[in-house]
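1. The sequence isn't on hand, but the structure is:
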C-alpha cells in the first residue's frame, strides 16, 4: 500500500493544496498528535486509524512534533499533516489546523496530549467543530519532572471545558478526571485494545533458561532500575534468567545512568538491549515472561495487552489501570511498584512452577480477546463520535461514575 503523503500546509485558506475527496457516507475525524515517538499512545492512534473506517469514520493525523510516528505507522492510508510547533507556547499551528479542518471536511478534532489539546481546543473554535480529548495517563504523574508535570496539568485543565467528551483509557483515569472537577457525563472510559494475534507456543522445556522481557520508551518512571535489581536477585538465587529489553531511551543521560546500574549489578552478560522495533510481535515470541516494572503514570499499558495477545504471561506492578486488566493470580501476577524483592518473588513464583505458566497464558489470551481488542476499542470510540455528532436524548450519560464501554473485572 502506498503511504499517504505528508501534507505540510501554509497559513491561510487560499494557498491550501486540494483536500482529500470527501465521501458523504464517511465522517472524517482529525487526530491531533505529538508524533515524536511511537509508544503506547501512538499505538492507540495508529490502531484507531486502521479500524475506525469499519465503523464509519475516516481518520487523518495532524502532527505538532513530527518524528518517529510518521516513519513507522501502520495506518499508511491515513492523511498526515505536519504542522510543527517551535516551542511549547508557539500557537502558529492553530490557524493552519483550522484550515485543514475546513478544507478537508473534518467534522471533529481528537487530541491525545496536553500540548495537542492546547492547539486543538483553539482550532476547534476557529473551525467550529467539536473536540474530543483522549487521556492516556495522568498528566500530573507523567514524569519525574515535577514542574513540567504541573505546567502541563495546568494547561490541560484550562482546556478541558472546550472538549465535548473526555475519553479515559481506564476506570482509574476516569476517577482521576472526576477529582479534577470534570463532570461524569463528559467522561467515557474506553479501555485500550490490541489485535488478537497468533500466540507463541508453550515453553520447549523446563530446563531451558528463562527469557524475561520488557518493552518501553525507557525513562525514570518505567522502573527499569527496579527490574535490573530484581534480575540480579533472581540470578543470585540460582535461577537461569536473562532479560531482553526492547525500546529506546528517552535521553542519552538516562541511558548512561542505566549502564552504571548494570555495571554495579554485574549484569553485562545478562541483558540484551534491542533498541526500538516496529515489530513488537517478533520480540514478544522470544520472551517467556513479560515484565512491566512501572513506578507510576500508567493509564492502561498497551505493552501489557500486546504480551497477553501474544500468549506471554505478565508480571506487572500494581499501578493506575494495570489491575483493571491483570487480575492478580488469574491473568498474570502483580507486584508492588518500586520493590525489587517483591518483583523478583513474583517472577520466581512462575519460574519455579508455583504459578502455572500455561494456565496464566491461557487466561490472558482469553481476557485480551474478550475485552481488550482493537475492534472493541474502535467501536467504543466511534460510539462517542456519534453521540457528539448525532446527539439524541438516549445518548446522555446522566450522572454518577464514569461511563465504561466495557464492564471491567475486579
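-> The structure has been received and is ready for your questions. Owing to the predicted nature of the structure, the values given are computational and were not obtained by experimental measurement.

2. is it true that residue 316 lies in a helix?
-> No - residue state for residue 316 (DSSP: H, G, I helix; E, B strand; the rest coil) corresponds to strand; a helix is not indicated.

3. Model confidence for the residue nearest to it when sequence neighbours are not counted, exactly?
-> Nearest residue to residue 316 in three dimensions, chain neighbours excluded: residue 292, at 4.0 Å (Cβ to Cβ, 6 or more residues apart in numbering). For the C-beta atoms, the positions are set from N, CA and C on the backbone; glycine is no exception. Predicted confidence (pLDDT) for residue 292: 97.

4. count of residues packed around residue 178?
-> 16 (other Cβ atoms under 10 Å).

5. let's number from 144 now, not from 1
-> Sure, I'll start numbering at 144, so the last one becomes residue 321.

6. Roughly how far does it sit from residue 387?
-> For residue 321, the distance to residue 387 (Cβ to Cβ, to the nearest Å) stands at 39 Å.

7. And residue 213, by the same measure?
-> The gap separating residue 213 from residue 387 is 27 Å, by Cβ to Cβ.

8. What of residue 351?
-> Counting by Cβ to Cβ, the gap from residue 351 to residue 387 is 14 Å.

9. again, but for residue 372
-> 17 Å.

10. can you check residue 319 too?
-> Residue 319 is 33 Å from residue 387, by Cβ to Cβ.

11. higher neighbour count, the two?
-> residue 319 (23 against 19).

12. ok, and the closest non-adjacent residue to that one?
-> residue 281 (5.3 Å).

13. What's the local residue count around that neighbour?
-> 22.

14. do the same with residue 173
-> 29.

15. any idea whether it is helix, strand or coil?
-> Residue 173 is classified as strand under three-state DSSP.

16. Which residue, other than its chain neighbours, is closest to it?
-> For residue 173, ignoring the flanking residues on the chain, the nearest one in space by Cβ to Cβ, 6+ apart is residue 249 at 4.2 Å.

17. Dig out what that neighbour forms beta bridges with.
-> residue 171 (DSSP bridges).

18. Check it and give its pLDDT.
-> 97.

19. Could you measure from it over to residue 176?
-> In terms of Cβ to Cβ, residue 249 sits 14 Å off from residue 176.

20. So which residues of the stretch 294-443 of the chain form helices?
-> 314-322, 367-379, 395-408, 423-427 (DSSP state H, counting those that start in this stretch).

21. Mean pLDDT and distance to residue 331 for these - can I get that in a markdown table?
-> A markdown table is the format used below for those (pLDDT from 0 to 100; distance: least, Cβ to Cβ, whole Å):
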| stretch | mean pLDDT | distance to residue 331 |
| --- | --- | --- |
| helix 314-322 | 94 | 8 |
| helix 367-379 | 97 | 33 |
| helix 395-408 | 95 | 35 |
| helix 423-427 | 90 | 27 |
